[in-house]
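Enquirer: can you look at this prediction? I've put the sequence above it.
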Amino acid sequence: MLRKSLAKTIRPTVNANMASVKFFRQTTLVQQQALTRRTVTTSGQRLGLENDEAMADFLQGEIEHEQQDMNTLPNSLQDFRIRAKGTKVVLTKKLGSENVKIEFDINENRNVDEALEEDSEDGAGKIVSYPEFTVSITKPSGKTCLINCQYDNAQELDQGMDEDERPVAEQFNIQHVAVIEEGEDPKGVYESETHNMDPDLYTHLMTMLEERGIDGEFSKELLDYSTDIEHKQYVDFLKDLKKFVDN
């Protein structure tokens, strides 16, 4: 009876001591892990904040500098009404029984530094934002001709030409053409590229655009608008980035 009673007395005590040791070890391990996490997190935050503060100061200077070159954006271009939402820009007009629409996405523009192309001594040039745009001409029947156009920038037009022979940098060319039915998805429709197109047909297509007001003068104004709205988007981006860094 004594051995059994003693065993009953000793075992709970030993078990209790072992449980206490186990709890102490677990508690110590958890505390050590938490301390390690706090050390790493605090160190990372401290490094990040130093960089963020410097970046915020830099961005404020960039914003103030870029805002000096911002122009007021018009609501129309010649007789085209302009709608801009995000990076999407749409110009529309009614011409007789036709609907004419011009669309481009700022994210797909080609941004060119004039200073680099003109070998500016001070290196301070204006960024020109060349859009790739699509003209849609819709007839009363619902058929639409889609004409994809692209600008030639000065660098591409300059090579091998004298000053007097250099074409206007605002000149654009037709890349490809398609005809779709009303409600038809253009992605599944054949597009005729113009590189191998009959020159006479290409001339007719360019004249088609010109008769609807999309000519050399319009292309200059469109390029100016594209450059101005891209610049506004860039300034808005800088502001959003600064807000992100400040938070």
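Expert: It's in. Here the structure is a predicted model, which is why all the values come from computation and not from measurement. Numbering: from 1, shown residues only.
Enquirer: any idea how this structure splits into domains?
Expert: Split into domains by automatic domain parsing, the chain comes to 1-68, 74-246.
Enquirer: among those domains, which gets the worst mean confidence?
Expert: The weakest mean pLDDT among those belongs to domain 1-68, with a mean of 58.
Enquirer: show me where this structure has strands.
Expert: For the chain, the strands defined by DSSP state E cover 76-77, 80-85, 88-95, 98-105, 110-113, 127-130, 132-138, 144-151, 172-180, 192-193.
Enquirer: would you list these in JSON lines and tack on distance to Asp224?
Expert: For the C-beta atoms, the positions are set from N, CA and C on the backbone; glycine is no exception. JSON lines is the format used below for the strands of the chain (distance: least, CB to CB, whole Å):
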{"stretch": "strand 76-77", "distance to Asp224": "9"}
{"stretch": "strand 80-85", "distance to Asp224": "12"}
{"stretch": "strand 88-95", "distance to Asp224": "13"}
{"stretch": "strand 98-105", "distance to Asp224": "14"}
{"stretch": "strand 110-113", "distance to Asp224": "14"}
{"stretch": "strand 127-130", "distance to Asp224": "9"}
{"stretch": "strand 132-138", "distance to Asp224": "14"}
{"stretch": "strand 144-151", "distance to Asp224": "12"}
{"stretch": "strand 172-180", "distance to Asp224": "14"}
{"stretch": "strand 192-193", "distance to Asp224": "29"}
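Enquirer: nearest to Glu62, out of these?
Expert: Ranking the strands of the chain by proximity to Glu62 (CB to CB) places strand 127-130 first, at 13.4 Å.
Enquirer: sheet partners, orientation included, of that closest one?
Expert: Applying DSSP bridges, strand 127-130 is found paired with strand 110-113 (antiparallel).
Enquirer: extract the CA atoms of the partner strand and return them as PDB.
Expert: The C-alpha trace of strand 110-113 is given here as PDB (Å, rounded to 0.1, in the frame of the first residue of the first chain):
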ATOM      1  CA  ARG A 110       5.300  56.400 -78.000                       C
ATOM      2  CA  ASN A 111       7.000  59.000 -75.800                       C
ATOM      3  CA  VAL A 112      10.000  60.700 -77.500                       C
ATOM      4  CA  ASP A 113      12.400  63.200 -75.900                       C
END
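Enquirer: so that it lines up with my notes, have the first residue be 6 from now on.
Expert: Noted, 6 is the first residue going forward, which turns the last one into strand 115-118.
Enquirer: may I see the buried residues of it?
Expert: Across strand 115-118, burial judged by 16 or more other CB atoms under 10 Å covers Val117.
Enquirer: do stretch 74-84 as well
Expert: Buried residues in stretch 74-84 (16+ other CB under 10 Å): Leu82.
Enquirer: neighbouring contacts of that stretch?
Expert: Identification of contacts with stretch 74-84 by CB atoms under 8 Å, 6 or more residues apart in numbering yields 86-87, 89, 96, 98, 131, 218, 223, 226-227, 230, 233-234, 236-237, 240.
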